[in-house]
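J.: missing the sequence, but the structure's below:
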């Protein structure tokens with residue numbers, strides 16, 4: 001199943017790469033900004049020298065990027081994909097402007113709040129130097145929380161696609177995602193794991209650049225390079241292809257689950273009219 005879906009996604013990317021790269025950039029910049037805050041601005045090396053005012057600004061900026069900008073950027077990609085699939089590629093900008101009103105942005109934030117909460121916690125907990133890591137969870141507790149986070153993430157997996165497609169209410173969107181994913185959670189995880197070779201490629205590029213800067217691969221592993229670390233959000237250029245490709249694949253995967261499991265069909269909000 002994944003081979004056919006991925007082949008279809010690669011074809012769609014080739015036909016619409018300019019639009020897809022453009023709508024993927026906000027997600028990359030948002031992730032980069034959040035990582036810069038964690039790795040550099042909120043680093044323990046700088047935090048004690050900042051005034052309370054600047055600490056508050058930095059904290060609010062982090063919360064904005066993690067809980068508003070990143071989820072909204074994800075829905076932006078899905079909405080653009082849906083518009084393109086409806087053969088309205090010339091209307092992408094106009095349709096996106098209509099879609100991203102204040103009400104829809106608020107719904108997106110609420111829909112994504114729980115998975116974003118887990119993601120932010122794990123991101124902060126993995127950063128050794130950030131002043132935001134207040135819990136320092138390790139060992140068995142961290143493993144348990146990571147597993148819970150994985151289950152939660154994949155139960156919410158279809159939310160952003162369905163909201164972009166149907167503009168459900170918050171409750172309806174979450175129910176729709178749970179309904180389609182509760183029997184397909186392992187398929188979703190398997191899909192994510194199928195992109196691991198790309199993650200390894202980015203890791204190799206990262207280590208190569210870090211070793212070049214530090215002069216030694218051994219030293220590079222422990223060197224403090226917050227700016228370079230934050231550029232992982234761009235995949236060092238790889239994500240210009242990978243992010244649109246992954247979101248195209250995710251959209252087709254979710255639609256495939258619905259189309260091939262009639263009992264899982266999510267009712268359209270206009271069905272009763």
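T.: Structure's in. What do you need? What you are looking at is a predicted structure, and each value in this text was computed from that prediction instead of being measured. Numbering: from 1, shown residues only.

J.: C-terminal to the helix or strand bottoming out on mean pLDDT in the chain, what's the next element?
T.: Among the helices and strands of the chain, helix 217-220 carries the lowest confidence by mean pLDDT, DSSP states H and E, at a mean of 70. Tracing the chain C-terminally past helix 217-220 and defining elements by DSSP states H and E, one meets helix 226-230 next.

J.: report the buried residues of that next one.
T.: Across helix 226-230, burial judged by 16 or more other CB atoms under 10 Å covers 226, 228, 229, 230. Where you see a C-beta, it was placed from the backbone N, CA and C, and this is true even at glycine.

J.: ok, residues contacting it?
T.: 32, 35, 36, 39, 40, 43, 206, 209, 210, 213 (CB atoms under 8 Å, 6 or more residues apart in numbering).

J.: ok, stretch 106-123 next?
T.: 34, 38, 66-68, 70-72, 74-75, 135, 145-146, 148-149, 152-153, 156, 159-160, 163, 169-170, 173-174.

J.: and the most centrally placed residue in the chain, what is it in contact with?
T.: Centroid-nearest residue in the chain: residue 74, 6.1 Å away (criterion: CA atoms, centre = their mean). The contact partners of residue 74, taken as CB under 8 Å, 6+ apart, are 27, 112, 160, 247.

J.: can you pick the most crowded of these?
T.: residue 160 (28 neighbours; other CB atoms under 10 Å).

J.: ok so, going back, can you redo the buried residues of helix 226-230 as CSV with distance to residue 2?
T.: What follows is the buried residues of helix 226-230, written out as CSV (distance: CB to CB, whole Å):
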residue, distance to residue 2
226, 36
228, 32
229, 31
230, 31
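
J.: lowest-confidence one in these?
T.: Among those, residue 226 has the lowest pLDDT, at 80.

J.: packing partners of the longest helix seen in the chain?
T.: Of all the segments of type helix in the chain, defined by DSSP state H, the longest one is helix 2-36. Judged by 3 or more CB pairs under 8 Å, 6 or more residues apart in numbering; DSSP states H and E, the packing partners of helix 2-36 are helix 70-85, helix 92-99, helix 226-230, helix 239-259.

J.: re earlier: show me how to select, in PyMOL, the buried members of the contacts of stretch 106-123.
T.: Buried subset of the contacts of stretch 106-123, written as a PyMOL selection, criterion 16+ other CB under 10 Å:
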select buried, resi 34+38+66+67+68+70+71+72+74+75+145+149+153+156+159+160+163+170+173+174
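
J.: out of the contacts of stretch 106-123, name the ones that lie in helices.
T.: Those of those lying in helices (DSSP H): 34, 70-72, 74-75, 145-146, 148-149, 152-153, 159-160, 163, 170, 173-174.
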